[in-house]
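Colleague: coords please:
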Amino acid sequence: MGGALAVWAAATKQIPGLEGVVVIDVVGGTALAALPHMMGVLHSRPVMFQSLQAAVDWAVRSGMCKNREMAGVSLVSQLVQSTAGDGGKDVWTWRTPLAASRQYWEGWYTGLSDAFLALPVPKVLLLAGTDRWGCMALHLVSAYTLLHWLSHFHRRDNDQPGQHHQQPGHGCCAPSST
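Modeller: Numbering: from 1, shown residues only. Below is the predicted model:
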């Protein structure tokens with residue numbers, strides 16, 4: 001969701017001195033299609049964890065991450081320590097209450113692809129798969145050089161750290177020189 005907000009902030013000139021935009025795994029059409037499932041994803045997440053280790057265990061068990069070490073690294077920024085209820089016991093909860101922004105989700109993704117393409121700054125779009133291209137592919141094929149990553153970028157940074165930059169690949173778009 002952050003990629004959509006970055007694009008709209010750039011498109012409405014809310015970021016002085018912006019030099020470029022990198023968006024990871026967000027294309028307007030496919031994001032809109034996924035929204036009906038997002039609440040189910042959020043409801044399947046535990047509300048809190050008794051420890052960071054419990055959060056890591058859940059991330060690996062649920063398939064959110066396959067690499068235990070990287071789950072520990074990525075979850076630390078997504079969770080905050082707080083005091084729970086009457087017992088006063090410290091627990092870990094999600095830093096961002098995503099469900100609270102639900103009313104805005106559709107607006108964030110409607111017209112996103114066009115807004116991204118119209119940005120007057122250099123841009124990079126990293127996609128996990130060609131299934132995520134949607135209608136945007138028609139614009140990208142003629143205007144950008146497409147590189148193909150050999151495995152899914154989205155999970156790769158958590159599951160195989162350091163390897164996505166070693167193999168040119170799928171989902172990286174750069175302006176075409178032709």
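Colleague: tell me the SS of Leu117?
Modeller: With DSSP: H, G, I helix; E, B strand; the rest coil as the basis, Leu117 sits in helix.
Colleague: tell me the confidence at it?
Modeller: Per-residue pLDDT puts Leu117 at 86.
Colleague: same check on Pro161?
Modeller: 55.
Colleague: kindly report the same for Met70.
Modeller: Per-residue confidence (pLDDT) for Met70: 89.
Colleague: for the one 4 residues further on, same thing?
Modeller: The confidence metric pLDDT takes the value 86 at Ser74.
Colleague: now name the helix or strand holding it.
Modeller: Using DSSP states H and E, Ser74 sits in helix 68-76.
Colleague: how about that helix: buried residues?
Modeller: Met70, Ala71, Gly72, Ser74, Leu75 (16 or more other CB atoms under 10 Å). Quick note: C-beta positions are derived from backbone N, CA and C, even for glycine.
Colleague: make JSON lines from those residues and add distance to Ala10 to it.
Modeller: Below are these laid out as JSON lines (distance: CB to CB, whole Å):
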{"residue": "Met70", "distance to Ala10": "29"}
{"residue": "Ala71", "distance to Ala10": "31"}
{"residue": "Gly72", "distance to Ala10": "32"}
{"residue": "Ser74", "distance to Ala10": "25"}
{"residue": "Leu75", "distance to Ala10": "28"}
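Colleague: closest to Ala9 out of these?
Modeller: Distance ranking of these against Ala9, using CB to CB, places Ser74 first at 23.2 Å.
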